[in-house]
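J.: just need the structure, nothing else, for what follows:
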Amino acid sequence: MISSVSLNTLVGGLGAQTRVAETAATNIVNATTEGYQAQQGQLVSKPLNGADYIPLPPEGDVDLGRELVNLSQASHSYAAAAKAFSSISETEKRALDSLA
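T.: Residues are numbered from 1 along each chain as shown. Take a look at the predicted model:
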């Protein structure tokens, strides 16, 4: 079975990348809304729990280039974490099948 540390790390990473993507998408959608201030956040490492996304105070206009980069990075990071989870699960399944 996948260790609880590995599971927590992957799930934490998936959740954090989801929040990054949500923030970027919200900023992109509201880029032309008068008075809207870009939402921000920071990814932080959490020992034994992967990563977390900490919201920061809104600040300034939306930088569409930065938001597209954030969205792209979040998408790639999410896909990598999901692939790692899938690979670990498949490896464990094969190991258990070989014992049967």
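
J.: where does pLDDT dip in this structure?
T.: Where the chain drops to pLDDT under 70, the residues are 1-2.

J.: which stretches of the chain form helices?
T.: 4-29, 64-99 (DSSP state H).

J.: return the most buried member of those helices.
T.: helix 4-29 (a mean of 18; mean count of other CB atoms under 10 Å). From N, CA and C alone the C-beta is placed, and that goes for glycine too.

J.: the inter-axis angle of that one versus helix 64-99?
T.: 150 degrees (axes from the mean of the first three to the mean of the last three CA atoms, to 10 degrees).

J.: mind giving me the packing neighbours of helix 4-29?
T.: If you count contacts as 3 or more CB pairs under 8 Å, 6 or more residues apart in numbering; DSSP states H and E, helix 4-29 packs onto strand 40-45, strand 51-56, helix 64-99.

J.: closest one to residue 15 among these?
T.: strand 51-56 (7.6 Å; CB to CB).

J.: tell me the buried residues in that closest one?
T.: For strand 51-56, burial by neighbour count (16 or more other CB atoms under 10 Å) applies to 51, 52, 53.

J.: what sits closest to residue 28 if chain neighbours are left out?
T.: Excluding its sequence neighbours, the residue lying closest to residue 28 (CB to CB, 6 or more residues apart in numbering) is residue 67, at 5.1 Å.

J.: who's in contact with the one you found?
T.: 24, 27, 28, 31, 38 (CB atoms under 8 Å, 6 or more residues apart in numbering).

J.: reformat those residues as CSV; add distance to residue 92.
T.: Listed next are the contacts of residue 67 as CSV, based on distance: CB to CB, whole Å:
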residue, distance to residue 92
24, 33
27, 39
28, 38
31, 44
38, 42
